[in-house]
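Student: got a sequence here, can you build the structure:
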Amino acid sequence: MSVRSTAVVAACAALLGAAGCGVGAGESAESVQLRVTDGFGERTLAQSADAETRGEDTIMRVLQRGAPDVKTRFGGGFVQSIAGRSGSTGGRRLDWFFYVNGYISDKGAAQVKVRSGDRIWWDRHDWSVTDRIWAVVGSFPEPFIHGYDGNRHPVRIECGTDEDTCKDVQSRFTGYDIVAGLGNVSRSFTKQTLRVLVGPWPALDGDSVARTIALGPKESGVFARISPDGKTITTLDERGRTVRTLGPGTGLIAATAPEGVEQVQSGPVRKDPVWVVTGTDDAGVRAAVDAFDEGALAGAFAVVVTGGQPVPLPERR
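Tutor: Residues are numbered from 1 along each chain as shown. You can find the predicted model right below:
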């Protein structure tokens with residue numbers, strides 16, 4: 001069982017008997033999307049553009065109504081299997097993880113309340129390489145519209161390339177009625193702001209969060225490695241093995257976040273995800289910007305763009 005799964009079990013166990021991990025009264029959330037996949041999004045098991053919700057629903061209840069054959073453990077607080085696909089089996093480290101608006105929750109599914117517009121994504125995957133996949137791109141345009149944990153955050157595009165390219169990214173947000181500010185790449189941590197870094201890798205790797213992508217999936221949750229000079233991007237499979245190394249004209253769109261939470265006097269505060277739209281050169285950045293679109297990103301943890309085509313990561317062999 002992963003670190004994340006252990007936390008989920010403990011959290012729900014604490015609630016059992018008190019709240020029953022169930023449904024409360026109140027208005028139902030609207031326009032909730034549900035996606036259930038296996039293998040880093042490779043196989044779709046269930047999908048709904050308008051999932052059924054009732055009252056003050058939880059993520060777990062929406063899953064149970066919208067996906068086939070959901071089996072739980074620990075009094076209904078932990079998913080054991082969906083559609084016959086269970087957690088760790090045969091020595092493999094497999095578990096079910098869920099994301100709300102592209103960000104992994106730090107609470108159990110029976111604790112998290114569903115809100116209007118939420119995009120809920122469950123995926124079963126191998127976590128032997130990393131259980132630190134805190135953020136994914138496959139729920140775009142979330143979290144930029146509704147945010148996460150019920151809170152919207154300002155959006156800031158940090159530009160490390162020509163202004164016209166960054167304005168193209170800004171126009172993508174405008175198309176979703178999202179106001180996105182535009183500025184230079186920051187070297188300081190900005191709280192409660194969704195940052196989108198745009199530019200060739202050498203212009204971005206000074207950012208402490210983005211830099212983790214160059215260290216591989218164990219640190220960033222992104223199944224790719226960028227060379228120190230930024231001129232090549234190596235794609236990895238789900239076991240962390242090299243699939244191929246791509247050169248000029250290659251783009252990358254990924255999201256990552258600082259590990260864990262930040263302790264403040266009032267309690268733990270989760271740090272915000274950072275999105276990266278980058279490439280091996282200007283042509284690679286342009287390819288990534290062209291793929292910065294809901295259709296190209298749907299259901300992907302991250303994407304590499306090669307030959308003008310987005311390829312989901314981890315890459316299939």
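
Student: immediately after the helix or strand hosting D95, which helix or strand?
Tutor: Assigned by DSSP states H and E, D95 falls within strand 94-100. Note on strand 94-100: by DSSP H and E, the next helix or strand toward the C-terminus is strand 103-104.

Student: for that following strand, the distance to its chain's centre please.
Tutor: Relative to its parent chain, strand 103-104 has a centroid offset of 5 Å by C-alpha atoms, centre = their mean, to the nearest Å.

Student: do the same with stretch 134-148
Tutor: Per C-alpha atoms, centre = their mean, the centroid offset for stretch 134-148 relative to its chain is 7 Å.

Student: please apply the same query to stretch 107-125.
Tutor: 12 Å.

Student: ok, now stretch 281-297?
Tutor: Worked out by C-alpha atoms, centre = their mean, stretch 281-297 lies 17 Å from the chain centre.

Student: buried stuff in it?
Tutor: Buried residues in stretch 281-297, counted by 16 or more other C-beta atoms under 10 Å: D281, G284, V285, R286, A287, A288, V289, A291, F292, A296, L297. All C-beta atoms are positioned from the backbone trio N, CA, C, and that covers glycine.

Student: cool, stretch 68-88 as well?
Tutor: Here stretch 68-88 shows V70, T72, F74, G76, G77, F78, V79, S81, I82, A83, R85, G87 as buried, counting by 16+ other C-beta under 10 Å.

Student: returning to that earlier point: can you tell me what sits against the strand holding D95?
Tutor: By C-beta atoms under 8 Å, 6 or more residues apart in numbering, the residues outside strand 94-100 that reach it are 1-2, 4-5, 59, 63, 79, 82, 86-88, 104-105, 109, 112, 118-127, 133, 135-136, 139, 148.

Student: what do you get if the cut-off is 6 Å, keeping everything else the same?
Tutor: By C-beta atoms under 6 Å, 6 or more residues apart in numbering, the residues outside strand 94-100 that reach it are 2, 5, 79, 87-88, 109, 118, 120-124, 126-127, 136, 148.

Student: what's the answer for stretch 245-258, then?
Tutor: Contacts of stretch 245-258 (C-beta under 6 Å, 6+ apart): 134-135, 137, 209, 212, 220-222, 232-234, 271, 273, 275-281, 283-284, 287-288, 302-306.

Student: thanks again, I'm all set now.
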